[in-house]
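Trainee: How does the following fold in three dimensions:
(2 chains)
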Amino acid sequence: MSTVAPSADAAEHSTRSEDLRLSALTKQFGDFTAVDSLDLTIPAGSFFALLGPSGCGKTTTLRMVAGLEIPTQGDVRLGADDITWAKPYRRPVNTVFQNYALFPHLTIYENVAFGLRRKGRKDVAEPVREMLGLVELEGFEGRKPNELSGGQQQRVALARALINHPQVLLLDEPLGALDLKLRRQMQIELKRIQVEVGVTFVHVTHDQEEAMTMADTIAVMHGGRIEQMGSPGELYENPRTTFVANFLGQSNLVTGRVTGRDGEDLKVDAQGAEVRVPAARANGVDGDVWLGVRPEKIVLTPAGNRPDRNSLGRAEIVDVSFVGVSTQYMLRMPWRQDLMAFEQNTGARAVLKRGDVVEVGFAGAHAFLLDHDQDARAGVDQDLSL
Amino acid sequence: MTAQTVVTPAAGRQRRWNTAWLLLLPGGLWLTAFFVVPLFQLVATSLYDPSGSEELGYAMTWSWSNYGDAIDFYTGPLVRGFGYAAVATLLCLVIGYPLAYAIAFKAGRWKNLMLILVIAPFFTSFLVRTLAWKLILSDNGFVVGVAKTLGLVADDGRLLATGVAVVAGLTYNFLPFMVLPLYASLEKIDHRLIEAAGDLYASPVQGFRRVTLPLSMPGVIAGTLLTFIPSTGDFINAQLLGDTTTTMIGNVIQSRFEVGDYPAAAALSVTLMVLIVILVSVYIRRAGTEELL
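Mentor: Okay, here's the model as predicted:
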């Protein structure tokens, strides 16, 4: 992993990096509103992910930043410059396209040099060499894109965009065409390169794991709007909507009712079980709520041992999937709802069997409350459809 | 038979080869009967004694001088044939490229209709359409009238029976052969490549020059060949729209065959064929290999 010393050239070109600001950005295709009055500030130098299912407007947002789509309303600013109406070839923004869109008739060298040449640079040899070093593709200069593997093409697409020292690099599902193993590897690679070059990366993906692995900040998009924005940890640990709770990982959502307050905690009646959840994790809801607990936060203890934490009561194990590092249990609750629980195979206890009866508990600090008016199924399985 | 990595028993390989030969058989027989044999016949005829005639018969005398004589005597039509064809091909490219581009990228739901319109002239005979051009370019027609008003044609000038008319006819008749391959190669271009060019600071003109045009080169080559080769040997346009000063090599070959001067006609045919093969291979070599995928 060769570290490329920032050359004089790089310093001269990446003069200033500015925040990318979208205000009231809207795009309509006929009657369909793809992006609905989006307000978003992406700090310079951050790795930002727009995460959402297909059709949520994330790619349209990206294309408006790239200049490939003209907004119906609103504007796109880079620092103080309004670039809403700037032609794509006049924006300090480059894109890594889905499926790369490498020029098939040009060599890797010429693909990477393309942007510099269009800007009238003559001495492209040094920057091209440096870029191919950054993406670890030295020696591939003379090849054509179709002679490269998917992962290598992905790196060329990255080098071709980064060589221009854009202020913002847009990545449209950059790893979508790679197989799982390569995708994992490239996730780490992309993150390394982003840290190394310090350019703002805006990454569009439907893959929540990909977004969580790489991004500093994730904006979850749904129906043309941003559902919630924050660090991967914040979004995962305290989702504010059922959509985020289900789209980012899995959640058990149990119908409950806030019955009172006890110091810092809210008392919640969850299907007859009284549990406590810190008021800070209540997302400001009151009355009828969804009580959310992530499957790995559920603690199972043998029946009879009343857990010293929030208890949801006794459940029967109706399904057991042994995954290796963990075991997934399906729990049939007394109110006929099935909950999921993941347990690490630490070896502390034998794997439970189907038909076993267990006490289901969780720590209040790991639960969250959501408005009961929201659809408990929102976002379920949506990440499977590209 | 492309390289198969699967190891198969020799018998299986043998069976596949047999199938391949069987599939080639009908086409091979057809070409042998109607191309290879006539070609030999043509080359043989070109070497017959030039004094032969239909009444007296023809003798094989290996008269290589037929070639020198015919080329000497018909240099004008030969050069004119290639010249007119080259100009017509260039015009077809200039007219056809924007048309194909518009159909491929801008026509939207009108795409199919426009393609049908390009092919529509084929529903009428080649001869009838060329005859129609006689009317279009006639001395009293509006085209000549407009050209005179604009000063493009002298007051006592005409278009019909000139090289302009012949080239116009050739261009008209062969335009679809240019447009269709161009359309096919333009239509295949992934639109994201053009977006990518724009994203990488190429203005629309640069994007066209650096991405669209190189990627459409297979269409340009196919289109120019499909236009140039048949128009070089064409005689209908020169016959209907030209006069004795616009005679193309095709007209000479046709008239030599008609008067029974088979050796000269055959020698000219072979000359034409050889020249085209040489020109085309040079052309493909220069325009093709590097730019193509």
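
Trainee: what's stretch B:242-255 in contact with?
Mentor: B:74, B:76-78, B:80-82, B:84, B:161-163, B:165-166, B:232-235, B:237-239, B:265, B:268-269, B:272 (CB atoms under 8 Å, 6 or more residues apart in numbering or on different chains). In short, each C-beta sits where N, CA and C put it, glycine included.

Trainee: Report the entries of the residues you listed that also contact chain A.
Mentor: Among these, not one lies near chain A by CB under 8 Å from any CB of the partner chain.

Trainee: which of the residues you listed are buried?
Mentor: B:74, B:77-78, B:80-82, B:84, B:161-163, B:165-166, B:232-235, B:237-239, B:265, B:268-269, B:272 (16 or more other CB atoms under 10 Å in any protein chain shown).

Trainee: Out of the residues you listed, list just those in helices.
Mentor: B:77-78, B:80-82, B:84, B:163, B:165-166, B:232, B:237-239, B:265, B:268-269, B:272 (DSSP state H).

Trainee: what stretches of chain B score poorly on pLDDT?
Mentor: In the predicted model of chain B, residues B:1-9, B:288-293 satisfy pLDDT under 70.

Trainee: What parts of it come near chain A?
Mentor: Counting by CB under 8 Å from any CB, the residues of chain B that sit close to chain A are B:190, B:192-193, B:195-203, B:206-207, B:210-211, B:214-215, B:291-293.

Trainee: Of the residues you listed, which qualify as buried by neighbour count?
Mentor: Using 16+ other CB under 10 Å as the burial test, these include B:192-193, B:195-202, B:206-207, B:210-211, B:214-215 as buried.

Trainee: Break chain A down into its structural domains.
Mentor: Annotated domains of chain A cover A:8-237, A:250-373 [automatic domain parsing].

Trainee: Which one, of those domains, ends up nearest to residue B:24?
Mentor: domain A:8-237 (29.4 Å; CB to CB).

Trainee: need the contact list for residue A:275.
Mentor: Applying CB under 8 Å, 6+ apart, we find residue A:275 in contact with A:256, A:267, A:268, A:291, A:310, A:311, A:312, A:362, A:364, A:367.

Trainee: Give me the pLDDT for it.
Mentor: We have a pLDDT of 91 for residue A:275.

Trainee: what separates it from residue A:257, distance-wise?
Mentor: 11 Å (CB to CB, to the nearest Å).

Trainee: same thing with residue B:101?
Mentor: Distance from residue B:101 to residue A:257, by CB to CB: 66 Å.

Trainee: Flag every residue of the stretch 101-250 of chain A that's near chain B.
Mentor: So far as CB under 8 Å from any CB goes, the stretch 101-250 of chain A lies against chain B at A:101-105, A:114-115, A:118-119, A:144, A:146, A:160-161, A:164.

Trainee: Tell me where chain A is predicted with low confidence.
Mentor: Residues of chain A meeting the criterion pLDDT under 70: A:1-16, A:307-308, A:381-386.

Trainee: how about the helices in it?
Mentor: Going by DSSP H, chain A shows helices at A:8-13, A:58-66, A:108-118, A:125-134, A:150-162, A:180-197, A:208-214, A:232-237, A:242-247.

Trainee: in the fourth one, what counts as buried?
Mentor: Of the residues in helix A:125-134, those with enough neighbours to count as buried (16+ other CB under 10 Å) are A:127, A:128, A:130, A:131, A:132, A:134.

Trainee: Buried residues, the lengthiest strand in chain A. List them.
Mentor: Using DSSP state E to define each element, chain A has its longest strand at strand A:310-322. Residues of strand A:310-322 classed as buried under the neighbour-count rule (16+ other CB under 10 Å) are A:310, A:311, A:312, A:315, A:317.

Trainee: Tabulate these (TSV), appending distance to chain B.
Mentor: Shown next, in TSV, are those (distance: CB to the nearest CB, whole Å):
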residue	distance to chain B
A:310	52
A:311	55
A:312	51
A:315	51
A:317	48
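
Trainee: Pull the contacting residues for residue B:69.
Mentor: Contact analysis of residue B:69 by CB under 8 Å, 6+ apart lists B:50, B:264, B:267.

Trainee: For the first one, grab the count of nearby residues.
Mentor: Residue crowding around residue B:50 was assessed by other CB atoms under 10 Å in any protein chain shown; the count is 18.

Trainee: what does the last one give?
Mentor: As a burial measure, the neighbour count of residue B:267 was computed by other CB under 10 Å and equals 30.

Trainee: ok, it to residue A:195 distance?
Mentor: 76 Å.

Trainee: isn't residue A:52 right next to residue A:59, touching?
Mentor: No. Using CB atoms under 8 Å, residue A:52 is not in contact with residue A:59; the gap is 9.4 Å.

Trainee: Between these two, which has more neighbouring residues?
Mentor: Relative neighbour count places residue A:52 above the other of residue A:52 and residue A:59, with 31 against 23, counting by other CB under 10 Å.

Trainee: Spit out the contact partners of that one.
Mentor: Here residue A:52 is in contact with A:58, A:206, A:220, A:221, A:222, A:227, A:247 (CB under 8 Å, 6+ apart).

Trainee: quick one on the thing from earlier: of the buried residues of helix A:125-134, which is the nearest to residue B:180?
Mentor: Using CB to CB, the buried residues of helix A:125-134 come closest to residue B:180 at residue A:128, 38.9 Å.

Trainee: mind listing what residue A:297 touches?
Mentor: Residue A:297 neighbours (CB under 8 Å, 6+ apart): A:362, A:363, A:366, A:367.

Trainee: switch the cut-off to 7 Å
Mentor: For residue A:297, the contacting residues are A:362, A:363, A:366, by CB atoms under 7 Å, 6 or more residues apart in numbering or on different chains.

Trainee: which of the residues you listed has the most neighbours?
Mentor: Highest neighbour count within the contacts of residue A:297: residue A:362, with 22 neighbours (other CB under 10 Å).

Trainee: Wait, it touches residue A:310, no?
Mentor: Yes. Assessed by CB atoms under 7 Å, residue A:362 is found in contact with residue A:310 at 5.4 Å.

Trainee: Excluding residues flanking it in the chain, which one is nearest residue 136?
Mentor: In the absence of a named chain, this looks at chain A. Spatially, and ignoring its direct neighbours in sequence, residue A:136 is nearest to residue A:155 (7.0 Å; CB to CB, 6 or more residues apart in numbering or on different chains).

Trainee: actually it's chain B I care about, not the one you picked
Mentor: With CB to CB, 6+ apart, the residue lying closest to residue B:136 is residue B:143, at 5.7 Å.

Trainee: On the three-state scheme, that neighbour is what?
Mentor: Look at residue B:143: counting by DSSP: H, G, I helix; E, B strand; the rest coil, its state is helix.

Trainee: Quick check, it in contact with residue B:135.
Mentor: No. With contacts counted by CB under 7 Å, residue B:143 stays clear of residue B:135, the gap being 9.8 Å.

Trainee: neighbour-wise, which of those two wins?
Mentor: A count of neighbours by other CB under 10 Å puts residue B:143 above the other of residue B:143 and residue B:135, at 17 against 11.

Trainee: list the buried ones in stretch B:127-134?
Mentor: B:130, B:133.

Trainee: Nearest spatial neighbour of residue 211, chain-adjacent residues omitted?
Mentor: Since you didn't name a chain, this refers to chain A. Spatial nearest neighbour of residue A:211, excluding adjacent residues (CB to CB, 6+ apart): residue A:49 at 3.9 Å.

Trainee: Let me rephrase: I mean chain B.
Mentor: Closest to residue B:211 by CB to CB, 6+ apart is residue B:197, at 4.6 Å.
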